[in-house]
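Peer 1: Quick one: sequence and predicted model below, then my questions.
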Amino acid sequence: MQYTAPHYYKEFHCIGGDCPDTCCAGWQIQIDPTSLKKYKRIKGALGNRLKNEINWKESCFRQYSGRCAFLNDENLCDLYLDGGGEKAFCRTCRTYPRHIEEFEGLREISLSLSCPVAAELMLSRQEPVRFLHAENPDREESYDEFDFFLFTKLMDTRSLIFRILQDRDRPIKLRVSIILALAHDLQERIDRNALYDIDNLLDRYSSENIWSWFENRLLQLDQAGSRNEKRRKTMRSLFSLFDHLEVLREDWTPYLNNARKILENAPVSVGKTERCFHKLFSDTAAEQLLVYFVFTYFCGAVYNGNAYGKIKFSAASMILIRELVRAECLASENMETAAAEGTASDADESVYISRIIKTACRYAREIEHSDFNKITMEHLLDNENIFGLEEFFSLL
């Protein structure tokens, strides 16, 4: 069995009650069958509490005011404290914030963006993400219906996507435009079962000429005169995706409505304010978010065949997080002052990095922790009339 993880993976350490949020509230905590059997065998006071605080029909812990029944007032887990430590955890609690994607002969392990500590590890660092590999030769498995040929092509494509995304000699708009177009062309070959032609596609997108071609194309689109209107229309459509999703936390809807109102009423961003915002939400922040989403989800296209949808989801997530951060900046007097002065101090940058981390966590908790939300977003983004390549280009 092969294993892959980002290079910062082993740096993660849970900070328990010192965490600014808690992973034990805001969503249903499912209990795996093995842990359910273990909990049924526990005796005494803890056993009685488990009997009462587990929804045995739904295989999950009960919640009170959105908080797990075992989460105490200090944001610590009573099951951990009274049950002998981590051995008392179910698989969900033992694993989080680690996220595992399973493929034949491969496990890809990431840290969930919804965890504040994990998000800080991703977004506070400047160096490009590297991926580490390990092997356990004693563990083997095979899947009955796993398209290994498609999977290898997805892996090859993702490697090229990472190279493009992490080419910091180019602006992020250009990098993201190219990976969107690459995924679009890849999808066309998947749809007509022309996987044999993917190597030629990757060669073409590996060419140095691809950069100048897209630079010219984006310049033509910017000079067309309707970019701002297309951007407003597409951004409105992007935010309307939230109207079709389930809400996991009570504070999400008022937060989102306020952000949408601020962005709708804001003038077209120009001059010092926009330059200041881009200094705070840098190309590096956008890159790290995109690498996270692509690593986590892109190769899952082996199961549904929608590689283009995975890249659209990744790009849309980065853009939505960016715009939610923008709304918070527009509402901040400190941001206005820094913009007026044309600069931001180190203290200002620290505040806004923290804000980016908090906003990314908030988004991830609402979207990534609901299979319904992820599937629905990917499905809605398939509408090329609303979310085609040029529409996405206008948002970058």
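Peer 2: That came through, no problem. Remember, it's a predicted structure, so these values are computed and weren't measured experimentally.

Peer 1: Please, where are all the strands along the stretch 1-150 of the chain?
Peer 2: Along the stretch 1-150 of the chain, counting by DSSP state E, counting those that start in this stretch, strands occupy 2-6, 54-55, 60-61, 63-64, 67-68, 98-103, 106-111, 131-135.

Peer 1: With respect to Ile190, which of those strands lies nearest?
Peer 2: Closest approach to Ile190 among the strands of the stretch 1-150 of the chain (Cβ to Cβ): strand 98-103, 16.8 Å. C-beta coordinates here come from the backbone N, C-alpha and C atoms, glycine included.

Peer 1: Compute the inter-axis angle for the closest one and strand 106-111.
Peer 2: Per axes from the mean of the first three to the mean of the last three Cα atoms, to 10 degrees, the angle that strand 98-103 makes with strand 106-111 is 160 degrees.

Peer 1: got a list of contacts for strand 98-103?
Peer 2: With Cβ atoms under 8 Å, 6 or more residues apart in numbering as the test, strand 98-103 has contacts from 12, 107-112, 146, 151, 296-297, 299-300, 302.

Peer 1: Now which of those would you call buried?
Peer 2: Neighbour-count burial (16 or more other Cβ atoms under 10 Å) applied to these gives Arg107, Glu108, Ile109, Ser110, Leu111, Ser112, Phe151, Thr296, Tyr297, Cys299, Gly300, Val302.

Peer 1: Am I right that the second one is in contact with Phe295?
Peer 2: Yes: counting by Cβ atoms under 8 Å, Glu108 does reach Phe295; the two are 7.1 Å apart.

Peer 1: and the contacts of strand 98-103 as TSV, adding distance to Ala360 and pLDDT?
Peer 2: Shown next, in TSV, are these (distance: Cβ to Cβ, whole Å; pLDDT from 0 to 100):
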residue	distance to Ala360	pLDDT
Phe12	16	88
Arg107	24	92
Glu108	20	93
Ile109	19	93
Ser110	14	93
Leu111	12	92
Ser112	11	93
Phe146	32	89
Phe151	29	95
Thr296	13	96
Tyr297	15	97
Cys299	22	96
Gly300	20	96
Val302	27	95
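
Peer 1: Which members of the residues you listed are the farthest-apart pair?
Peer 2: Using Cβ to Cβ, the two most remote members of the contacts of strand 98-103 are Phe12 and Phe146, lying 29.6 Å apart.

Peer 1: Now do the buried residues in stretch 14-34.
Peer 2: Using 16+ other Cβ under 10 Å as the test for burial, stretch 14-34 gives Asp21, Thr22, Cys23, Cys24, Ala25, Gly26, Trp27, Gln28, Ile29, Ile31.

Peer 1: Count the residues that sit near Glu246.
Peer 2: When counting by other Cβ atoms under 10 Å, one arrives at 9 neighbours for Glu246.

Peer 1: Let me see the contact set for it.
Peer 2: If you count contacts by Cβ under 8 Å, 6+ apart, Glu246 has them with Ser370, Phe372, Asn373.

Peer 1: The second one reaches Val247, doesn't it?
Peer 2: No: with contacts defined as Cβ under 8 Å, Phe372 does not count as touching Val247, sitting 11.1 Å away.

Peer 1: More neighbours: which of those two?
Peer 2: Between Phe372 and Val247, counted using other Cβ under 10 Å, the more crowded position is Val247 (13 against 10).

Peer 1: Quickly note the distance from the nearest residue in space to the more buried one that is not next to it in sequence to Glu246.
Peer 2: Spatial nearest neighbour of Val247, excluding adjacent residues (Cβ to Cβ, 6 or more residues apart in numbering): Thr253 at 5.7 Å. As judged by Cβ to Cβ, to the nearest Å, Thr253 and Glu246 stand 11 Å apart.

Peer 1: circling back to that earlier point, will you turn the buried residues of stretch 14-34 into a markdown table that also has pLDDT and distance to Trp56?
Peer 2: Output for the buried residues of stretch 14-34, formatted as a markdown table (pLDDT from 0 to 100; distance: Cβ to Cβ, whole Å):
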| residue | pLDDT | distance to Trp56 |
| --- | --- | --- |
| Asp21 | 78 | 28 |
| Thr22 | 76 | 24 |
| Cys23 | 77 | 22 |
| Cys24 | 80 | 19 |
| Ala25 | 77 | 21 |
| Gly26 | 74 | 22 |
| Trp27 | 74 | 19 |
| Gln28 | 78 | 14 |
| Ile29 | 86 | 14 |
| Ile31 | 91 | 9 |
